[in-house]
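> Model the structure of this input:
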Amino acid sequence: MTSATDPRPRPADGAGAGSGATTPVRLIATDLDGTLLRDDKTVSPRTVAALAAAEAAGIEVFFVTGRPARWMGVVSAHVHGHGLAICANGAAVVDLHAGGELIEVRPLERVDALATVAALRAAAPGTSFAVELTSGIHYEPDYPPFQFDPAASVATAEELLHEQAPGSGDPVIKLLANHDSLTPDDFLDLARAAVGGLGSVTRSSPTALLEISGPGVSKASTLARCCAERGIAPEEVVAFGDMPNDIEMLAWAGRPYAMGNAHPAVLAVASGRTAPNEEDGVAAVIEQILAEHRP
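Numbers count the residues shown, from 1 in each chain. This is a model prediction of the structure:
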């Protein structure tokens, strides 16, 4: 297993599926919360320096997160080069240099969102919902309110998704479902069975909060599209993550790293492991990569 828990740069003793340590790295794809960010939602000076050094060496850096574009201020000051980010678990590609301008949207169709709400209400009574649009979030009265969005409108999910609801012309990028008594993983398993092909169900929260995107939409599928546009192969990508919404991305990337604080399912899929987010695990691997390819 590849390890970067030692902060000193050293050759990798393994690599992700489909690659070797000698394969040049052309792109770094990193999750944010629980991965690149410290627990206080800051980027450490060491990590800032590592990101800048990677881009100076010609390696592109993509932030790949479940966050919507409007919550990307935590890293907008640390964007170099291209400035693109994959947000909302792959539902949106945004230009951080242009203040979060949407470059691509892969929406959840409202008819599928309504069918998903009905399926989850039947399978898990007590589920409450929020609807994430490209223009902002709206949620049900029983849904835990977002401190970042105090002005969001409140109504039932069916009303929020109605064709005449406020913002009805804006694409739905994510449906969120919360349950107060189910465990997070039990809720995830139940929801995937109930939703079926209506959408892609995942989670990134330590609570029973699910994130539902359009069918086939994930961090991995959007990252793969972005890399294909640039002629970058999976084996040339290093990826970092900590929660179930990162699993597909880590399985796709040639050199996947699970954080030391990662969910057990993430640790199981990633051939590489690094230090926890509180110990700058992403920076440790980037430093190692740059040392590997230093002339």
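
> that's a strand at residue 107, yeah?
No. Counting by DSSP: H, G, I helix; E, B strand; the rest coil, residue 107 is not part of a strand but coil.

> Begin at 156, not 1, for the rest of this chat.
Right, with 156 as the first residue, what we last looked at is residue 262.

> and it, what is it in contact with?
Counting by Cβ atoms under 8 Å, 6 or more residues apart in numbering, residue 262 makes contact with 246, 326-328, 369. All C-beta spots, glycine's among them, are computed from the backbone N, C-alpha and C.

> so can I have JSON lines of these showing distance to residue 449, secondary structure and neighbour count?
Shown next, in JSON lines, are these (distance: Cβ to Cβ, whole Å; DSSP: H, G, I helix; E, B strand; the rest coil; neighbours: other Cβ atoms under 10 Å):
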{"residue": "246", "distance to residue 449": "37", "secondary structure": "coil", "neighbour count": "28"}
{"residue": "326", "distance to residue 449": "44", "secondary structure": "coil", "neighbour count": "19"}
{"residue": "327", "distance to residue 449": "46", "secondary structure": "strand", "neighbour count": "24"}
{"residue": "328", "distance to residue 449": "40", "secondary structure": "strand", "neighbour count": "28"}
{"residue": "369", "distance to residue 449": "42", "secondary structure": "coil", "neighbour count": "23"}
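
> Please identify which of the residues you listed is nearest to residue 290.
residue 326 (9.0 Å; Cβ to Cβ).

> just checking, that closest one touches residue 260?
Yes. With contact defined as Cβ atoms under 8 Å, residue 326 reaches residue 260; the gap is 5.1 Å.

> Spit out the residues that contact these two alike.
By Cβ under 8 Å, 6+ apart, residue 326 and residue 260 have these common neighbours: residue 289.

> quick revisit: relative to residue 357, which of the contacts of residue 262 is nearest.
Nearest to residue 357 out of these is residue 246 (Cβ to Cβ; 11.5 Å).

> how about the nearest residue to the closest one once chain neighbours are set aside, what does it touch?
Setting aside the residues directly before and after it, residue 246 is nearest to residue 328 in space (Cβ to Cβ, 6 or more residues apart in numbering), at 4.0 Å. Residues counted as contacts of residue 328 (Cβ under 8 Å, 6+ apart) are 223, 243, 246-247, 260-263, 287-289, 368.

> run the last query once more with 7 Å
Neighbour list for residue 328: 243, 246-247, 260, 262-263, 287-289 [criterion: Cβ atoms under 7 Å, 6 or more residues apart in numbering].

> all strands for this protein, in order.
Applying DSSP state E to the chain gives strands spanning 157-158, 182-185, 215-219, 239-242, 247-250, 256-260, 283-288, 291-294, 327-333, 355-357, 364-368, 392-396, 410-413, 427-428.

> Okay, residue 294 and residue 195: tell me how far apart.
25 Å (Cβ to Cβ, to the nearest Å).

> So if I had to pick from the two, which one is more boxed in?
residue 294 (24 against 6; other Cβ atoms under 10 Å).

> Next, count neighbours for the closest residue in space to the more buried one that isn't next to it in sequence.
The shortest distance from residue 294 to any non-neighbouring residue, by Cβ to Cβ, 6+ apart, is to residue 285 (3.6 Å). Per other Cβ under 10 Å, the neighbour tally for residue 285 reads 24.

> got a pLDDT number for residue 285?
On pLDDT, residue 285 comes in at 95.

> Equivalent analysis for residue 177, please.
Here the pLDDT value assigned to residue 177 is 68.

> Was I right to think residue 365 contacts residue 344?
No. With contact defined as Cβ atoms under 7 Å, residue 365 does not reach residue 344; the gap is 10.6 Å.

> Which one's more surrounded, the two?
residue 365 (30 against 13).

> For the more buried one, give me its contacts.
331-332, 342-343, 346, 356, 358.

> for residue 360, same thing?
Neighbours of residue 360 in contact, by Cβ under 7 Å, 6+ apart: none.

> if I look at it, how far off is residue 332?
In this view, residue 360 and residue 332 are 11 Å apart by Cβ to Cβ.

> residue closest to the middle of this structure?
The centroid of the chain falls nearest to residue 220 when counting by Cα atoms, centre = their mean (2.7 Å).

> Nearest spatial neighbour of that residue, chain-adjacent residues omitted?
residue 187 (4.4 Å).

> separation between the one you found and residue 424?
Taking Cβ to Cβ, one finds residue 187 at 19 Å from residue 424.

> between those two, who's got more neighbours?
residue 187 (25 against 19).
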